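Peer 1: Can you look at this prediction? I've put the sequence above it.
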Amino acid sequence: MLGMALAAIDGTIVSTAVPQIVGDLGGFSVFSWLFSGYLLAVTVSLPVYGKISDTYGRKPVLIAGIIVFLFGSVLSAAAWNMTALIAFRIIQGLGGGALQGTVQTLAADLFPLKERPRIQARLSTVWATSAVAGPALGGLFAVYADWRWIFLVNLPVGGVALWLVVRHLHEPSRTGRAAGEPRPRIDWAGALAVFVTGALLLTALVQGGVAWPWLSAPSLALLAGSAVAGALTVVIERRAPDPIIPGWVWRRRTIASVNLALGAMGLLMVAPTVFLPTYAQSVLGLGPIAAGFVLSVMTLSWPVSAALSDRVYNRIGFRSTAIIGMSCALLILLAFPLLPYPGEPWQPALIMLLLGAALGLFQLPLIIGVQSTVGWAERGTTTASVLFCRQVGQSVGAALFGAVANGILTSRLAAAPVAGLPRDLDTVSNALDDPGALTAEAADFLRRAVDTAVDHVYLGAAGAAALTLLVLVFMTPRRFPVLTEESGSDTPTA
């Protein structure tokens, strides 16, 4: 849980300290890579760590991940310019990828099926609390201490986590290999190919439409490079005796369908996590803390719903429980555009509370279910593939819905009755934050334009929810082929 907290909090803790960091180090034009670099490193390293943990065990990977993460934290605290800080954040992300995937896999290794909802719910609570607390802690350190403490605070927490893991984590003695059979070798060529492919693709998605236009030379070059690298990855993985991303991940119907469903969920999660704070501040006129509260209520209902989901899926199955959860999420997302303008803060907060409950009922049964269909020697790879698809879905969603929001704003502002208005979501938010920059009529027009743009994003998220339902209904098997866990081995149930 401490390791999970490290990975979660560092995804958001830097956000509120950006002005202080830029004021000290410069590099305003590239500061977004403080977040993008960390995200890229976490995402593209997940499949690699999953395969390594299946080969060498979870404990060595978890220990190495904590050490790399703490090493990146020390370097980040000592950064002398923005380029160095971005590079050190990428090192942090490489450690964070090991923490995310391995902790989720250990939950399935160490606890029987009936206890996993309780453990996974606790991990979800840690993740949600850390992610929400990150911006507040970052702001406190930046204002009352120094931004470098944002990274130094990881050292005592990570040190305790490392000590606990080394001293108390005892893995089951299951390797999935026959006696005397040599340990398989890591496909390092495949690992490098996966890393390069993911880095090129996610860089194109994260920076496209932000750092450069979508049809510009950098975007086209990155997309073409990712396609070439992806083709090369397929060739390498087909020839490798023990590939990083085995073909069975996509040949097995259960795993492939869960990967697609969680990828679509990552897509729809962009609406509340990225665009709701902008809506709360620009449309409702809330401050940053109050806007964060509107979003954070989702983290209250999600773990509770996840913890209680076993009472549902033990009766009707993993697939049916996930269908119920996503069906509710679809209706809730469709309700957001029906909110009155400008409305009251409790209205979107209520929607987020219900959405958290629905997604908790959807996600956890699928993760527990798919982990329960594989043995120890395949569980790390399976878990990493699910988390990887979810992360890629979020990156695709950020690019897609960002284009939708900016497109709606551009069309609305093109016909604006007032001249001199901003033309994109970021500058609109900045203009509304300055009460003297706009007339009352212009400010109201901008708020309505933002309201319309976010409504369309939520409709797009509802489309992603509908896509998820199609995957669940037509691809996911009615019954998951769950394995029993008796006598230290994994054997199929009848």
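Peer 2: Great, that's in hand. Residues are numbered from 1 along each chain as shown.
Peer 1: Low-confidence stretches in the stretch 351-494 of the chain?
Peer 2: Within the stretch 351-494 of the chain, the segments meeting pLDDT under 70 span 416, 418-438, 484-494.
Peer 1: hmm, try it at 50
Peer 2: Within the stretch 351-494 of the chain, the stretches with pLDDT under 50 are 486-494.
Peer 1: what do you get for the stretch 101-250 of the chain?
Peer 2: Under the criterion pLDDT under 50, the flagged ranges of the stretch 101-250 of the chain are 175-176, 178-179.
Peer 1: For burial, what's the neighbour tally of residue 217?
Peer 2: Residue crowding around residue 217 was assessed by other C-beta atoms under 10 Å; the count is 9. C-beta here means a position set from N, CA and C on the backbone, and glycine is covered the same way.
Peer 1: Check the spacing between it and residue 231 real quick.
Peer 2: Separation of residue 217 from residue 231 (C-beta to C-beta, to the nearest Å) stands at 21 Å.
Peer 1: Pop the domain breakdown of this structure in here.
Peer 2: Here the chain is described, according to automatic domain parsing, as comprising the domains 1-167, 191-243, 247-485.
Peer 1: need the ones you listed in JSON lines with distance to residue 185, can you?
Peer 2: Rendered in JSON lines, the data for these read as follows (distance: least, C-beta to C-beta, whole Å):
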{"stretch": "domain 1-167", "distance to residue 185": "8"}
{"stretch": "domain 191-243", "distance to residue 185": "7"}
{"stretch": "domain 247-485", "distance to residue 185": "15"}
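Peer 1: what helix or strand does the residue nearest to residue 213 when sequence neighbours are not counted sit in?
Peer 2: Taking C-beta to C-beta, 6 or more residues apart in numbering, and ignoring the residues beside it in sequence, residue 213 has residue 219 as its nearest neighbour in space, at 7.0 Å. Assigned by DSSP states H and E, residue 219 falls within helix 217-239.
Peer 1: what distance separates whatever helix or strand comes next after that helix from the centre of its chain?
Peer 2: Sequence-wise, the next helix or strand beyond helix 217-239 is helix 248-251, with elements assigned using DSSP H and E. Computed by C-alpha atoms, centre = their mean, to the nearest Å, the chain-centroid distance of helix 248-251 equals 22 Å.
Peer 1: send the alpha carbons of helix 248-251 over as CSV?
Peer 2: Presented in CSV, the C-alpha positions along helix 248-251 are these (Å, rounded to 0.1, in the frame of the first residue of the first chain):
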residue,chain,number,x,y,z
TRP,A,248,-1.8,-15.6,-25.8
VAL,A,249,-2.7,-12.3,-24.2
TRP,A,250,-4.8,-11.5,-27.3
ARG,A,251,-5.7,-15.0,-28.3
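Peer 1: what's in contact with it?
Peer 2: 255-256, 259, 378, 381-382, 385 (C-beta atoms under 8 Å, 6 or more residues apart in numbering).
Peer 1: Check which residues of the helix or strand just after it are buried.
Peer 2: Sequence-wise, the next helix or strand downstream of helix 248-251 (DSSP H and E) is helix 253-270. Within helix 253-270, the residues that qualify as buried are 254-270, counting by 16 or more other C-beta atoms under 10 Å.
Peer 1: Same question for stretch 244-251.
Peer 2: Of the residues in stretch 244-251, those scored as buried under the neighbour-count criterion (16+ other C-beta under 10 Å) are 244-246, 249.
Peer 1: Does the closest residue to residue 368 other than its chain neighbours lie in a helix or a strand, and which?
Peer 2: Beyond its immediate neighbours in the sequence, the residue positioned closest to residue 368 (C-beta to C-beta, 6+ apart) is residue 116, lying 4.9 Å away. With elements delineated by DSSP H and E, residue 116 resides in helix 116-144, which encompasses its position.
Peer 1: Check which helices and strands the helix or strand that that helix is followed by sits against.
Peer 2: Proceeding C-terminally, helix 116-144 gives way to helix 149-152 as the next helix or strand, assigned by DSSP H and E. Taking 3 or more C-beta pairs under 8 Å, 6 or more residues apart in numbering; DSSP states H and E as contact, the helices and strands that helix 149-152 lies on are helix 58-77, helix 116-144.
Peer 1: tell me the angle the helix or strand following the first one makes with helix 116-144.
Peer 2: Read it as helix 58-77. Of the helices and strands lying after helix 58-77 in sequence (DSSP H and E), the nearest is helix 82-110. Regarding helix 82-110 and helix 116-144, their directions subtend 160 degrees when assessed with axes from the mean of the first three to the mean of the last three C-alpha atoms, to 10 degrees.
Peer 1: Return the set of buried residues in helix 82-110.
Peer 2: Neighbour counts using 16+ other C-beta under 10 Å place 82, 85-86, 88-109 of helix 82-110 among the buried residues.
Peer 1: what's the answer for stretch 275-285, then?
Peer 2: Quick answer for stretch 275-285 (16+ other C-beta under 10 Å): 275-284.
Peer 1: So what's the gap between it and the chain middle?
Peer 2: Taking the mean of its C-alpha atoms, stretch 275-285 sits 21 Å from the chain's own mean (C-alpha atoms, centre = their mean).
Peer 1: show me the contacts for the nearest residue to residue 197 once chain neighbours are set aside.
Peer 2: By the measure of C-beta to C-beta, 6+ apart, the closest residue to residue 197 outside its immediate chain neighbours is residue 229, 4.1 Å from it. Counting by C-beta under 8 Å, 6+ apart, residue 229 touches 193, 196-197, 200.
Peer 1: let's go with 6 Å and repeat that
Peer 2: Contacts of residue 229 were listed using C-beta atoms under 6 Å, 6 or more residues apart in numbering, and they are 196-197, 200.
Peer 1: And residue 307, by the same measure?
Peer 2: Residues in contact with residue 307, defined by C-beta under 6 Å, 6+ apart, are 117, 121.
Peer 1: and residue 107, how far is that from residue 124?
Peer 2: When C-beta to C-beta is the yardstick, residue 107 and residue 124 sit 10 Å from each other.
Peer 1: cool, residue 42 as well?
Peer 2: Taken as C-beta to C-beta, the spacing of residue 42 relative to residue 124 amounts to 17 Å.
Peer 1: for residue 21, same thing?
Peer 2: Relative to residue 124, residue 21 is positioned 30 Å away (criterion: C-beta to C-beta).
Peer 1: likewise residue 226?
Peer 2: Distance, residue 226 to residue 124, by C-beta to C-beta: 31 Å.
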